[in-house]
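*Asks:* sequence below, structure please.
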Amino acid sequence: MFKRAQRLEAVRGFGIDRVAADADARPRPDRPVLRMENLDTDLPLPPEAIPATREALETPPANSWLPFTGDHDLRAAISDFVAERTGHRYDPEREIVITSGGMEALLDVLLATVDPGDEVLVTDPTYAGFVNRIRLVGGEPRFVSFRNIGGEWRLALDALHAAISERTALLFLMSPSMPSGGWLDEDDWSAVCDLCRERHLPLLYDTAMERLLFDGRPLLHPLRSEGMPERTVIVGSLSKEHRMIGWRVGWICGPARTIEDAGWVHVYNTTTPTGIARVAATAVLRGDQAHVARCVAELERRRNLMLEEAAIAATPMLGWGDEVAARHVRFVFSAEPTERLATIPERVAGTRLAAAVESRA
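*Replies:* Predicted structure coming up:
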């Protein structure tokens, strides 16, 4: 008999898989189910993704173990990609590791930087995959509330200051944040960066959705603030902005010492990133990025339809944070066209739902 590791006691399921399985098991031809439980999408792939993958499939590198931390061309493409939006250039050889998706990247960083009993500051609500990975490495999530102010989720900076303790190992943020859509404006980032500098607090920043911005919001980045590159590790992936969910390409960028440690965690976790995805990933990152703006425009149309005509929010978020998350439900609108979303009011007529909507893909 195997004993059950204590670290699993606090780990909870998403709920997403159960909802999806139920929808698949009980199809209704008379009333097709709106698939709003997960982050699949019906939006098109980047134009380079499939042709580049086909061309690379029969090449030796597509079926190789090496290089363990990602081939040079892809790391160089990520260096250029990040530098264009942040102004900071990472050394492809020493400061970038390629991973099998963004969530592997996150787990690698946590395993490299968090000891059992350390606290990691995260928002409430936040993605359940973040919360449970913190717990898997033996850390303790310390929740900092988003507050609904004027119909928008805003980070409670007073609560952030109050949450810091001698056990704080990391501040972990995402903007726009999943699942709330909470966005950090210039004042927020200024306060966060001041706090990191004053308290010598490392920042782990998930950039996977940072271009999925609505209402004309600009892309803001902590790496542009003085003293932050040496205090920041960023993780990214092709799964959100580029919709390449099945390619499983992610990355870690940061100071060389931390990236070396995270790289060894990666090696002993998965050995090598996904070989058949590397050429396509490089082509997409170096390609025309106009498709991102087109997809953001479509997602914004879907968001507007839900807010203005349905006035609801909706998927239980137990385990997606603390007391704030527990009061809300979640709609994901990345896989449903507007004509199907328009049926939401009649579907939920007479049902009272919490006033929060995931405002990104």
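*Asks:* now residue 237. Its backbone dihedrals?
*Replies:* Torsion angles at residue 237 (phi, psi; degrees, to the nearest 10) stand at phi -160, psi 170.
*Asks:* hang on, it packs against residue 98?
*Replies:* No - Residue 237 sits out of contact with residue 98 when judged by CB atoms under 8 Å, with a separation of 10.4 Å. C-beta here means a position set from N, CA and C on the backbone, and glycine is covered the same way.
*Asks:* which neighbours do those two share?
*Replies:* Common neighbours of residue 237 and residue 98, using CB atoms under 8 Å, 6 or more residues apart in numbering, are 249, 250, 251.
*Asks:* with pLDDT and distance to residue 151 added, can I get these in CSV?
*Replies:* Compiled in CSV, the shared contacts of residue 237 and residue 98 are given as follows (pLDDT from 0 to 100; distance: CB to CB, whole Å):
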residue, pLDDT, distance to residue 151
249, 97, 35
250, 98, 32
251, 98, 34
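*Asks:* now which of these would you call buried?
*Replies:* 249, 250, 251 (16 or more other CB atoms under 10 Å).
*Asks:* now the spatially most central residue of the chain: closest residue in space, sequence neighbours ignored.
*Replies:* Nearest to the mean C-alpha position of the chain, by CA atoms, centre = their mean, lies residue 208 at 4.8 Å. Nearest residue to residue 208 in three dimensions, chain neighbours excluded: residue 240, at 4.5 Å (CB to CB, 6 or more residues apart in numbering).
*Asks:* identify those among the buried ones among the shared contacts of residue 237 and residue 98 that sit within strands.
*Replies:* Using DSSP state E, the subset of these located in strands is 250, 251.
*Asks:* which residue ranges of the stretch 1-150 of the chain form helices?
*Replies:* Ranges of helices within the stretch 1-150 of the chain are 16-25, 49-56, 72-86, 102-113, 128-136, based on DSSP state H, counting those that start in this stretch.
*Asks:* what comes into contact with the third one?
*Replies:* Contact partners of helix 72-86, identified using CB under 8 Å, 6+ apart, comprise 69, 88-93, 96, 98, 210-211, 219, 221, 223-224, 234, 236, 249, 251, 253, 278, 281-282, 285-286.
*Asks:* what are the boundaries of the helices in the stretch 151-300 of the chain?
*Replies:* 157-163, 186-199, 256-270, 278-286, 290-305.
*Asks:* what's the most buried one of those helices?
*Replies:* Among those, helix 278-286 has the highest mean neighbour count (mean count of other CB atoms under 10 Å), at a mean of 24.
*Asks:* my read: residue 101 touches residue 236, true?
*Replies:* No - in this structure residue 101 lies outside contact range of residue 236 using CB under 8 Å: 10.3 Å.
*Asks:* which residues do the two both contact?
*Replies:* residue 250.
*Asks:* now distance to residue 141 too, for the buried ones among the shared contacts of residue 237 and residue 98, in CSV please.
*Replies:* Output for these, formatted as CSV (distance: CB to CB, whole Å):
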residue, distance to residue 141
249, 27
250, 21
251, 24
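*Asks:* ok, now which ones touch residue 110?
*Replies:* For residue 110, the contacting residues are 120, 133, 134, 136, 137, 139, 170, 204, by CB under 8 Å, 6+ apart.
*Asks:* how about 7 Å then?
*Replies:* 133, 134, 137, 139 (CB atoms under 7 Å, 6 or more residues apart in numbering).
*Asks:* roughly how far apart are the third one and residue 256?
*Replies:* So the one you mean is residue 137. In this view, residue 137 and residue 256 are 22 Å apart by CB to CB, to the nearest Å.
*Asks:* about what we covered before: can you add distance to residue 245 and mean pLDDT and give the helices of the stretch 151-300 of the chain back as TSV?
*Replies:* TSV is the format used below for the helices of the stretch 151-300 of the chain (distance: least, CB to CB, whole Å; pLDDT from 0 to 100):
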stretch	distance to residue 245	mean pLDDT
helix 157-163	32	95
helix 186-199	29	97
helix 256-270	17	97
helix 278-286	13	97
helix 290-305	13	91
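*Asks:* so for residue 60, which of these sits nearest?
*Replies:* Taking CB to CB, helix 278-286 is the member of the helices of the stretch 151-300 of the chain nearest to residue 60, at 11.9 Å.
*Asks:* what does that closest one contact?
*Replies:* By CB under 7 Å, 6+ apart, the surrounding residues in contact with helix 278-286 are 46, 48-49, 52-53, 56, 61, 71, 73-74, 77-78, 81, 238, 242, 244, 247, 249.
*Asks:* mind giving me the ChimeraX command for buried ones among those?
*Replies:* Only the buried entries of those go into this ChimeraX selection, using 16+ other CB under 10 Å:
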select :46,48,49,52,53,56,71,73,74,77,78,81,238,242,244,247,249
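*Asks:* figure out which of the helices of the stretch 1-150 of the chain is closest to residue 304.
*Replies:* Between residue 304 and the helices of the stretch 1-150 of the chain, the tightest spacing by CB to CB is seen for helix 16-25, at 24.5 Å.
*Asks:* tell me the domain boundaries of the chain?
*Replies:* Following automatic domain parsing, one finds the domains of the chain at 8-46+290-347, 49-286.
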